[in-house]
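Q: Let's see this in three dimensions:
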Amino acid sequence: MSASKFEKAVSIVQGLPKGGPIQPSQDEQLYFYSYYKQATVGDVNVPRPGMLDFVGKAKWDAWKGVEGTSKEEAYSKYVQKLIEVLTAADTAEAKGYIAEIEAA
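A: The predicted structure follows:
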């Protein structure tokens, strides 16, 4: 998977409106977060957040769960998951995003 497809997918995910028709689930959001961090930072390099930081712990745990994944594999998994989410949405907007990713 190319870096340009990954970057396009990241821009699409980050640009999805909160109240829009394409809404990744919390599990999908954690999936995107974990593979984004793995692709851009590598293996977890910070301590696990404290007991009361539930969101931080969930993000850290998701990232820790993909430890050892190569940058290229993380790119691929991120893009494939976004295409899966967009395909399930089955809207004209989603189809446009898929075309943008494939053209990147």
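Q: only C-alpha atoms for contact and neighbour calcs from this point on.
A: Will do.
Q: what's the longest helix in the chain?
A: Longest helix in the chain, counting residues (DSSP state H): helix 71-89.
Q: what about the most centrally placed residue in the chain, distance to Ile12?
A: Nearest residue to the geometric centre of the chain (C-alpha atoms, centre = their mean): Phe32, 1.9 Å. Distance, Phe32 to Ile12, using C-alpha to C-alpha, to the nearest Å: 12 Å.
Q: The nearest residue to Gly65 once chain neighbours are set aside - how many residues pack around it?
A: With C-alpha to C-alpha, 6 or more residues apart in numbering as the criterion, Gly65 has its nearest non-adjacent residue at 7.9 Å, and that residue is Ser34. A count of nearby residues for Ser34, using other C-alpha atoms under 10 Å, gives 26.
Q: what helix or strand does the residue nearest to the centre of the chain sit in?
A: In this structure, Phe32 sits in helix 26-40 according to DSSP states H and E.
Q: relative to helix 71-89, how tilted is that helix?
A: 150 degrees (axes from the mean of the first three to the mean of the last three C-alpha atoms, to 10 degrees).
Q: Helix 26-40 packs against which elements?
A: Helices and strands touching helix 26-40, by 3 or more C-alpha pairs under 8 Å, 6 or more residues apart in numbering; DSSP states H and E, are helix 54-64, helix 71-89.
Q: Before I go, just wanted to say thanks for your time.
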